[in-house]
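S.K.: Pasting the sequence and the predicted coordinates here, then a few questions.
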Amino acid sequence: MKPAGAILLTLGLLLGIGLLLWPTHLSVLGTDVDCGAPIFRMLSDDHSDEAFQQEVIDQCRSQSTQRIIIAIVTGVIAVGAGAIMLTSNGKPAQIVYTSFQYAPGWYPDPQAPEALRWWDGQRWTGHTAPRPDA
């Protein structure tokens, strides 16, 4: 599990970083536009007085925001799964059963309700006695 966890963790980091740095492209009114890397687009403070240029800037920001959200979600899932795999020991969880032990003594006989049977603390013995209330 540990090698697979390390691989998944590494791939998650690389995928997240790759999605943040890979340039986005879009088409605005028939014009192909290169928006650049989403992380840098979100850090820039671009404004334009021209309506077409402002539309391009707004659509690039929208596309970059979507890519950043996908990068974060993908990275968190892959890194989280990888970290879980790295920290697990590879064995399924075991359920530990504990048994309650009764103290030695006379108890109602499980096979004959009208009698008592001696419990030695570990098992039923052959000793029986009539129930006082029977």
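M.R.: Here it is on my side, so go on. Residues are numbered from 1 along each chain as shown.

S.K.: in the protein, which spans are helices?
M.R.: Using DSSP state H, the helices of the chain run over residues 2-21, 38-43, 51-87.

S.K.: what's the closest of the ones you listed to residue 125?
M.R.: helix 51-87 (49.6 Å; CB to CB). Every residue, glycine included, has its C-beta placed from N, CA and C.

S.K.: OK, contacts around the closest residue to residue 104 other than its chain neighbours?
M.R.: Distance criterion CB to CB, 6 or more residues apart in numbering; nearest residue to residue 104, sequence neighbours excluded, is residue 121 at 4.3 Å. By CB atoms under 8 Å, 6 or more residues apart in numbering, the contact set of residue 121 is 101-104.

S.K.: Could I get the pLDDT score of residue 121?
M.R.: The score at residue 121 is 86. That number is its pLDDT.

S.K.: For this protein, name the helix or strand with the lowest mean pLDDT.
M.R.: One helix or strand of the chain scores below all others by mean pLDDT, DSSP states H and E: helix 38-43, with a mean of 78.

S.K.: Which neighbouring elements make contact with that helix?
M.R.: With contacts taken as 3 or more CB pairs under 8 Å, 6 or more residues apart in numbering; DSSP states H and E, helix 38-43 sits against helix 2-21, helix 51-87.

S.K.: List of residues touching the shortest one?
M.R.: The reference is to helix 2-21. 37-39, 67-68, 70-72, 74-75, 77-79, 81-88, 90.

S.K.: what about 7 Å?
M.R.: With CB atoms under 7 Å, 6 or more residues apart in numbering as the test, helix 2-21 has contacts from 37-39, 67-68, 70-72, 74-75, 78-79, 81-83, 85-86.

S.K.: Stretch 102-114 now?
M.R.: Contacts of stretch 102-114 (CB under 7 Å, 6+ apart): 115-121, 128-129, 131, 134.

S.K.: hmm, which of those are the buried ones?
M.R.: 116-119 (16 or more other CB atoms under 10 Å).

S.K.: what's the most distant pair in those residues?
M.R.: Going by CB to CB, the pair spanning the buried ones among the contacts of stretch 102-114 furthest: 116 and 119, at 9.6 Å.
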